[in-house]
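S.K.: Sharing a model that was predicted from the sequence below.
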Amino acid sequence: MRDPNYRLGLSKCEVLPDGVGVDIASRVLYATAFPANLNSTDLIPALLVHSERPLKVALIGARPEILERALANFRAAIPWHELIAVADGYFDKSDSGKVLADLSAINSDITLVGMGSPSQEIWIDTNIRQGHGCVVFGVGALFDFVSGAVPRAPQVFRNLRLEWVWHLVLEPSRLRRRYVLGNPVFLFHLLRYKVFGAGWQAGLPA
């Protein structure tokens, strides 16, 4: 809503339904929920486990030690794929030349970029081109979960679509703004869209 670069990047991507918020929006606007919650934490491991053909997978993002542990756990779980850590998420984003050159040299089937939103989407839109991966996913905190650094919510929370509450309890300082403030703002914009349609967006920055 506030970042035109983020909005532009998303407009060029296939945006997947991730989280209970978009289900609420779908029910409000179209009277039906999405058939599946395609968050990267579940989608990417399932995609790789069920892809029997060996794939070359490039990883970018997270802290160095997190990326290293995620890579080791991925390799142990899906040894038929070739997984390559290209860079952690703390390189200079204003000078991505080396990272992109290394990525081009790999010629990956899948590239996973875990820098968090909106940074990863903006970086992908600005930098990713042909030869950087047949499919490129922005995967948020996937590497944190795969490495074991951040525990998944208990299954009961996931079944109730309340995993966000679990993470808010674990990391209140980092996630308070996103959920305590962000959720009501999201619902406000959803209801305003429901009542006024897309026309109210005309006042947003170009």
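M.R.: Ah, there it is.

S.K.: Please make it C-alpha for all contacts and neighbour counts, starting now.
M.R.: Noted.

S.K.: Counting neighbours, what do you get for M115?
M.R.: 23 (other CA atoms under 10 Å).

S.K.: ok, it touching A141?
M.R.: Yes - the pair M115 / A141 is scored as a contact, 7.4 Å apart, by CA atoms under 8 Å.

S.K.: Please report phi then psi for S147.
M.R.: phi -70, psi -20 (degrees, to the nearest 10).

S.K.: Can you verify my assumption that it contacts I66?
M.R.: Yes - counting by CA under 8 Å, I66 is a contact partner of S147 at 5.9 Å.

S.K.: Flag the shaky bits of the protein, pLDDT-wise.
M.R.: 198-206 (pLDDT under 70).

S.K.: returning to what we had before: where do the contact lists of M115 and A141 overlap?
M.R.: A62 (CA atoms under 8 Å, 6 or more residues apart in numbering).

S.K.: any idea which helix or strand comes after the helix or strand hosting L47?
M.R.: Per DSSP states H and E: L47 is located in helix 40-50. Next helix or strand after helix 40-50 toward the C-terminus (DSSP H and E): strand 56-61.

S.K.: and the gap between V156 and L10?
M.R.: 31 Å (CA to CA, to the nearest Å).

S.K.: quick one, which of those two is more surrounded?
M.R.: L10 (16 against 10).

S.K.: I figured the more buried one hits E121, correct?
M.R.: Yes - with contact defined as CA under 8 Å, L10 reaches E121; the gap is 6.9 Å.

S.K.: hey, where'd the strands end up in this structure?
M.R.: 56-61, 82-87, 110-114, 135-138 (DSSP state E).

S.K.: quick one: which of those strands is nearest N37?
M.R.: strand 135-138 (15.4 Å; CA to CA).

S.K.: quick one: I110 and V86, what's the gap?
M.R.: Distance from I110 to V86, counting by CA to CA: 12 Å.

S.K.: list residues touching both of those two?
M.R.: The contact lists of I110 and V86 share A58, where a contact means CA under 8 Å, 6+ apart.

S.K.: Comparing those two, which shows the higher neighbour count?
M.R.: Neighbours of I110 and V86, each counted by other CA under 10 Å, are more numerous for V86; the result is 22 against 19.
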